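In: after the sequence you'll find the predicted model.
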Amino acid sequence: MAHFPKPAEGSWTEHFKIDTGPVSYADSISPEFYEQERDAIFRRTWLNVGRVEQLPRKGSYFTKELDAARASVVVVRGSDGEVRAFHNVCRHRGNKLVWDDYPREETKGTCRAFTCKYHAWRYDLEGKLTFVQQESEFFDMDKSKYGLMQVQTEVWEGFVFVNLDPENSTPLKAYLGKFAQGIDGYPFHRLTRVHKYRAEIGSNWKLFIDAFAEFYHAPILHAGQYEAGEAAKIKKYGYEALAYDVDGPHSMVSSWGGIAPPKEKAMVKPIERVLRSGLFGPWDAPDIGMTTEELPPAINPTRSEVWGMDSFVFFPNFMLLIWRPNWVLTYHYWPTSYNTHIFEGTCYFVPPKNGFERLQQELAAVTFKEYGLQDGNTLEATQTMLESRTVDQFPLCDQEVLLRHLHTTAQSYVHDHRQRGSTASAS
Amino acid sequence: MGNVFPPGFAALEPFADWAVRGERARYAKRVSSTMEELQAFYDVAYPLLRQNTEYLENLSLDDIGDQDKHLLWAFCALVTVAFPVEAWGQPRVPDSGPSSIDAVIEPAV
Ligand code: FES
Ligand SMILES: [Fe+2]
């Protein structure tokens, strides 16, 4: 039974002209393909590494490990207030410039200059080399030639992105395309209360995006999160999105509201009933300066009255979820090998005004985490069985259209990159 | 020794060890507890939460006192304990095996 209309072609998948045949998933189990993704995708596209609130004043910095791109960057607010990013490597002998006790762990702080732990070379906040220990021992040292290697950095609506490709000529806003354009103006800056989670996941990075880019699995895998009678009803109902959309490598799914607040209180667990909160966030939306109807046009694109949330997949690894009760969740998937990645989930709320709102937010954040645990562990089971190569053709349904799009996109990036490589070596 | 929680929450005093700072530590306590321990805490904390929404709505987070801070931590612990008690029937999330998701940034209170 169809609950929401589909495009004239009869399916979303055909509407976006994506193949409807079974999918192989070879792109998620091959070490060789992953090596190609590192250059074709992670060293070439705009990657979201954080938010401007992490850089509150001049000299504020944080580091980001971009293992898939074989890089570590340090993002810093300069003395001129500008946000910049540099490769986190000292120009003297290549030591990692900014780190605490553990070289592989990310760090943050505030400083006036970066001093290398090895021989104390010093760089200012704009990356200029300002001090060399025993400079006279060097050979005609021209310090201006040894500044930190800068990385292209741009900010969209407070989200800080870097692009490691020195040849990249696509501005961030153009890369993010029509979804970002249509989200412009959402008051992210009011959502400064952060709960952030991190997990090491034993699966290819794309498989976790798959899990979060479809809700077909929600009534099944997460059934235990509902009251028993409700779970059965939801399972029977199944899942259909309000709408899907695709723009270049990016995509989105717009979803109905589910249970926030539920039609009958008996639908939800006692803790949700008393705190008036749950997976969909605190039921009473805080003031963000605009009503649901006034939200920018890419949010709730069908202007549905039963709208509940939108998930935007900004290729390659940044997902942005905007929820009707005025909060935001972001997901990042940072590959560490072909079958492992680091997952980050970050909840952004309007700062709570009192103890009750604080608890409402705790319940929303913790509910997301409990779901995530179910997803994450399932993925490890999926990865190992895909790797067994027992089966290599998997049928995907129309509610899984974004998965097809993601895998097709990754493959075409790798394909184009290979193409460019062979042209370059031929010439 | 004075009370850990504000007046009106004396019933929580035997469960003062649930007033743990930080979701990560609260979750660790949850998964290392038995269902009986979780249920005992839940049975006392849940009714207190239900009866005191107004108190919490009037609880300002600026300059919050120690007793109120402990109260919020205990109720945050109730939030994480509610999952095993109301949904899972076991301290760990079913089918979550060895996987973990850790809080890396969280509010001070
Ligand atoms: S490697 Fe940094 S000062 Fe020598
Ligand atoms: Fe899920």
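Out: Okay, I see it. Keep in mind that this is a model prediction, so the values were computed, not measured. Ligands and ions are numbered 1, 2, ... in the order given.

In: can you show me the helices along chain B?
Out: Secondary structure of chain B (DSSP state H): helices at B:23-31, B:35-51, B:53-57, B:66-83.

In: quick one: residue A:240 and residue A:4 touch, right?
Out: Yes: counting by CB atoms under 8 Å, residue A:240 sits close enough to residue A:4 to count as a contact (5.3 Å). Every residue, glycine included, has its C-beta placed from N, CA and C.

In: tell me which parts of chain A are close to chain B?
Out: Contact residues, chain A versus chain B (CB under 8 Å from any CB of the partner chain): A:193-199, A:201-202, A:224-225, A:269-271, A:274-275, A:343, A:345-346, A:352-356, A:358-359, A:361-363, A:365-366, A:369-370, A:372-374, A:376-378, A:380.

In: buried subset of those?
Out: Buried members of the residues of chain A next to chain B, scored by 16 or more other CB atoms under 10 Å in any protein chain shown, are A:193-199, A:201-202, A:224-225, A:269-271, A:274-275, A:343, A:345-346, A:352, A:355-356, A:358-359, A:361-363, A:365-366, A:369-370, A:372-374, A:376-378, A:380.

In: count the neighbours of residue 92 for me.
Out: Because you didn't say which chain, this covers chain A. 17 (other CB atoms under 10 Å in any protein chain shown).

In: ah, no, chain B please
Out: 16.

In: do residue A:236 as well
Out: The local packing of residue A:236 (other CB under 10 Å) involves 9 other residues.

In: pick out whichever of residue A:240 and residue A:4 has more residues nearby.
Out: Using other CB under 10 Å, the more surrounded residue of residue A:240 and residue A:4 is residue A:240, with 17 against 13.

In: the buried ones among the residues of chain A next to chain B in helices, which ones?
Out: A:270-271, A:274-275, A:355-356, A:358-359, A:361-363, A:365-366, A:369-370, A:372-374, A:376-378, A:380.

In: how about the residue most central in space within chain B, what does it touch?
Out: For chain B, residue B:77 is the residue whose C-alpha lies nearest the centre (CA atoms, centre = their mean; 1.7 Å). Taking CB atoms under 8 Å, 6 or more residues apart in numbering or on different chains, we find residue B:77 in contact with B:18, B:19, B:20, B:26, B:29, B:30, B:41, B:45.

In: just residue A:143 next, same as before
Out: The contact partners of residue A:143, taken as CB under 8 Å, 6+ apart, are A:128, A:129, A:130, A:132, A:135.

In: neighbours of residue A:200, how many?
Out: With other CB under 10 Å as criterion, residue A:200 counts 14.

In: what separates it from ligand 1, distance-wise?
Out: Separation of residue A:200 from ligand 1 (CB to the nearest ligand atom, to the nearest Å) stands at 30 Å.

In: so that residue sits right up against residue A:340, yeah?
Out: Yes: the criterion here is CB under 8 Å, and residue A:200 meets it with residue A:340 at 6.9 Å.

In: using PyMOL, define a selection of the buried residues within the contacts of residue A:143.
Out: Per 16+ other CB under 10 Å, the buried members of these correspond to this PyMOL selection:
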select buried, chain A and resi 129+132
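
In: so which of the contacts of residue A:143 are in strands?
Out: If you go by DSSP state E, these have A:129, A:130 in strands.

In: residue 44: how many residues sit nearby?
Out: If you meant another chain, say so; for now it's chain A. For residue A:44, the count of nearby residues is 20 (other CB under 10 Å).

In: chain B, not that one
Out: Residue B:44 has 18 nearby residues by other CB under 10 Å.

In: cool, and residue A:415?
Out: Neighbours of residue A:415 (other CB under 10 Å): 12.

In: and residue A:305, by the same measure?
Out: With other CB under 10 Å as criterion, residue A:305 counts 10.

In: quickly find the element holding it.
Out: Per DSSP states H and E: residue A:305 is located in neither a helix nor a strand.
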